[in-house]
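*Asks:* I would like the atomic coordinates for the input below:
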Amino acid sequence: MVEQEPLSLAQLTAVMSDGAKPKDQWRIGAEHEKFGFDRNTLRRPAYEGDHGILAMLTGLQRFGWSPVEEAGHVIALERKNSEGYAASISLEPGGQFELSGAPLKDIHDICNETGQHLMEVKMVADEIGLGFLGAGFDPLWARADVPVMPKGRYEIMRAYMPKKGGLGLDMMLRTCTIQANLDFDSEADMVAKFRTSLALQPIATALFACSPFTEGKPNGFLSARANVWTDTDPDRTGMLDFVFADGFGYETYANYALDTPMYFAKRGDRYVDASGQSFRDFLKGELPALPGELPTLKDWGDHLTTLFPEVRLKSYLEMRGADGGPWSRICGLPALWAGILYDAPSLAAAWDLCKDWDIADHETLRRDVTRLGLKAEVAGRSVRDIAVDMVAIARKGLKNRARYSGGMVDERGYLSELEDIADSGITPADRLLSLYHGEWNGDVTRMYRDFAY
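*Replies:* All right, here's what the predicted structure looks like:
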């Protein structure tokens with residue numbers, strides 16, 4: 001038996017740096033989560049039962065999805081596309097249904113993938129009496145009303161979260177998001193994209209704000225989901241001040257990850273509780289949960305998935321600032337970020353919007369947009385005005401990308417809803433509140449009828 005060598009810092013950083021690829025190989029990934037509900041009771045579905053999440057996962061297998069099991073439970077599905085890239089359907093802790101799309105060439109492909117997924121989900125859901133809703137925060141149900149999915153990592157996280165913040169369990173059980181994943185070609189390119197997208201992430205939060213209700217009432221926020229992240233776990237969330245400091249690169253991020261307490265190490269199907277313990281100790285074979293064992297690169301990759309900043313670095317960059325919402329905005333988020341980050345003049349123009357903001361500006365803006373949305377201000381400008389500029393920059397970037405559909409239409413059309421939001425200064429959450437105080441007559445359950453997929 002060959003004795004395992006301890007992992008070096010170079011090996012840890014390579015997990016990120018090896019993702020760099022030339023521009024002609026860049027792809028875009030889109031992810032979105034949604035709340036399932038029983039169409040009769042509006043309750044969130046349990047895992048088991050005729051109207052449950054397992055029934056959804058079983059029904060979807062007719063469309064070529066393969067089950068992924070953990071400890072005898074189907075906890076995800078996978079399917080490869082014609083190019084061999086895999087998409088997955090996975091479960092968040094409260095049964096939120098997530099599509100993690102395959103890495104695709106353009107937004108047209110992403111919207112086709114999303115549309116096919118939602119069509120398949122609706123076909124199965126209709127058969128078993130479920131519906132699905134896109135929003136940033138569960139508008140109706142309390143934590144205690146949400147069933148918990150049988151995934152080992154979530155048991156560990158549920159026990160640890162309350163030790164670090166007041167809203168971590170809400171993050172797990174009552175939030176949904178839309179995300180976009182994008183590539184870089186070098187360390188310098190990664191840094192430029194990371195800084196720009198991290199600074200502008202609160203602007204995306206405002207544009208996508210869609211969570212003004214908690215337990216049937218207005219909650220005082222436009223993005224309650226974004227507010228949850230301000231009181232989840234300061235060790236692993238936030239705006240990452242060091243990203244804006246001189247010398248930032250792969251190694252800086254690796255050291256940040258090393259200093260972030262662990263949740264677990266996975267051994268086979270078993271999740272070993274290492275919550276609060278140090279990956280640096282693990283590297284020395286001194287992890288209390290696994291004494292004498294050294295980590296593998298798989299352990300490191302798992303640990304990187306337990307960091308939750310507003311932009312996350314793995315072998316690509318993840319944009320994490322947006323609330324869940326309707327189908328139209330699922331396509332809008334990757335369009336926004338591809339337009340900005342995949343066109344050099346647009347990336348430079350976007351950086352000009354935020355390059356003079358200081359660390360205090362980043363932190364204040366992150367908190368202010370949760371309540372004020374597009375009415376927040378930073379460095380003497382309204383978020384609405386910045387959003388108008390940001391969407392226009394993305395539009396120019398998508399024009400420059402010149403990626404056409406079969407109908408010879410480029411990707412700019414996917415920004416139309418975001419343009420309307422920015423131009424009006426009215427967030428999706430503002431519109432929901434207007435309905436609540438008007439046509440809905442204070443009845444949040446109307447959201448399930450009027451806005452279900």
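*Asks:* give me the pLDDT value at E3.
*Replies:* You'll see E3 listed with a pLDDT of 64.
*Asks:* for D269, same thing?
*Replies:* On the pLDDT scale, D269 is placed at 85.
*Asks:* isn't it right up against H73?
*Replies:* No. Between D269 and H73 there is no contact under C-beta atoms under 8 Å: 9.7 Å. Every residue, glycine included, has its C-beta placed from N, CA and C.
*Asks:* so which of the two has more stuff around it?
*Replies:* More crowded of D269 and H73, by other C-beta atoms under 10 Å: H73, with 19 against 11.
*Asks:* contact partners for that one?
*Replies:* Residues near H73 by C-beta atoms under 8 Å, 6 or more residues apart in numbering: 47, 54, 150-151.
*Asks:* just grab the bridge partners of it for me.
*Replies:* H73 forms beta bridges with E70, as assigned by DSSP bridges.
*Asks:* what's the spacing between it and E127?
*Replies:* 21 Å (C-beta to C-beta, to the nearest Å).
*Asks:* how about M239?
*Replies:* Taking C-beta to C-beta, one finds M239 at 44 Å from E127.
*Asks:* between those two, which one's more packed in?
*Replies:* Higher neighbour count among M239 and E127: M239, with 20 against 11, using other C-beta under 10 Å.
*Asks:* list the residues that contact the more buried one.
*Replies:* M239 sits next to 198, 201, 309-310, 359, 362-363, 366 when contact means C-beta under 8 Å, 6+ apart.
*Asks:* one more pass at 10 Å, please.
*Replies:* 198-199, 201-202, 309-311, 359, 361-363, 365-366 (C-beta atoms under 10 Å, 6 or more residues apart in numbering).
*Asks:* tell me the pLDDT at it?
*Replies:* pLDDT, read off for M239, is 98.
*Asks:* for it, which non-adjacent residue is spatially closest?
*Replies:* H362 (4.5 Å; C-beta to C-beta, 6 or more residues apart in numbering).
*Asks:* residues near the one you found, how many?
*Replies:* There are 22 residues near H362, going by other C-beta under 10 Å.
*Asks:* what helix or strand is it on?
*Replies:* Applying DSSP states H and E as the criterion places H362 in helix 359-372.
*Asks:* I'd like the next helix or strand past that helix.
*Replies:* strand 377-378.
*Asks:* and that next one, what does it pack against?
*Replies:* Helices and strands touching strand 377-378, as assessed by 3 or more C-beta pairs under 10 Å, 6 or more residues apart in numbering; DSSP states H and E, comprise helix 187-208, helix 359-372, helix 383-401.
*Asks:* circling back: make a markdown table out of the contacts of H73 and add neighbour count and distance to L207.
*Replies:* Output for these, formatted as a markdown table (neighbours: other C-beta atoms under 10 Å; distance: C-beta to C-beta, whole Å):
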| residue | neighbour count | distance to L207 |
| --- | --- | --- |
| Y47 | 20 | 34 |
| L54 | 20 | 35 |
| P150 | 18 | 35 |
| K151 | 20 | 31 |
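*Asks:* alright, calling it a day.
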